[in-house]
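J.: sequence and predicted structure below; questions after.
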Amino acid sequence: MHSHHNKGFTLIEILVVLAIIATLLSLVTPRYFDSMNRSKEKILKNDLVVIRGAIDQYYSDKNAYPDALEDLVQHKYLREMPVDPITDSAKTWLFSPPPLEIEAKGTIYDIHSGSQDLASDGSHYVDW
């Protein structure tokens, strides 16, 4: 007599494979999101340096601070409107006016992320 074997996987084998995959994903996922957050923080720090440099150059050239970020783009200090990497929006930036002792024209003296979230170092993004 010839026995006929079904080719395929049993339910137990499939469940074991799914359990292994779920375990691996639970180990990898937090590291992935942590690395994504650290990348966004590095981008934010770099963007702030670049934008603040553009603001300073604008002031140096025009003896006034810009009234909007669009002024920096329009006058070619920035190529495009920067996007806050934490909020994923170009409309959430927060601006600081020039200190009163400077007596300068314009409204944007400094720029900060509009996010109220905590950074990986425990500080708030808005304080960077």
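T.: Perfect, thanks for sending it. Residues are numbered from 1 along each chain as shown.
J.: show me where pLDDT drops low in this protein?
T.: Along the chain, the model assigns pLDDT under 70 to residues 1-6.
J.: longest helix anywhere in this protein?
T.: helix 11-62 (DSSP state H).
J.: outside of the following helix or strand past that helix, which residues touch it?
T.: Using DSSP states H and E, the helix or strand that follows helix 11-62 towards the C-terminus is helix 69-74. Helix 69-74 is contacted from outside by 51, 54-55, 58, 66, 78-82, 90, 93, 108, 111, using CB atoms under 8 Å, 6 or more residues apart in numbering. No exception for glycine: its C-beta is placed from N, CA and C like everyone else's.
J.: 6 Å instead, please
T.: Identification of contacts with helix 69-74 by CB atoms under 6 Å, 6 or more residues apart in numbering yields 54, 66, 78, 81.
J.: most surrounded residue in these?
T.: Most neighbours among the contacts of helix 69-74, by other CB atoms under 10 Å: residue 66, with 23 neighbours.
J.: for that one, what are its contacts?
T.: With the criterion set at CB under 6 Å, 6+ apart, residue 66 makes contact with 58, 72, 106, 108.
J.: next, count neighbours for the last one.
T.: Other residues near residue 108 number 21, with proximity taken as other CB under 10 Å.
J.: ok, the third one next?
T.: Neighbouring residues of residue 106 were enumerated by other CB under 10 Å; the total is 18.
J.: look up phi and psi at residue 67.
T.: phi -90, psi -20 (degrees, to the nearest 10).
J.: my guess is it meets residue 105, correct?
T.: No: in this structure, residue 67 is not within contact of residue 105 by CB atoms under 6 Å, at 8.7 Å.
J.: buried residues of stretch 68-83, list them for me.
T.: Residues of stretch 68-83 classed as buried: 69, 71, 72, 73, 77, 78, 82 (neighbour count, 16 or more other CB atoms under 10 Å).
J.: pull the most distant pair out of those.
T.: Based on CB to CB, the longest span within the buried residues of stretch 68-83 runs between 71 and 82 and measures 13.0 Å.
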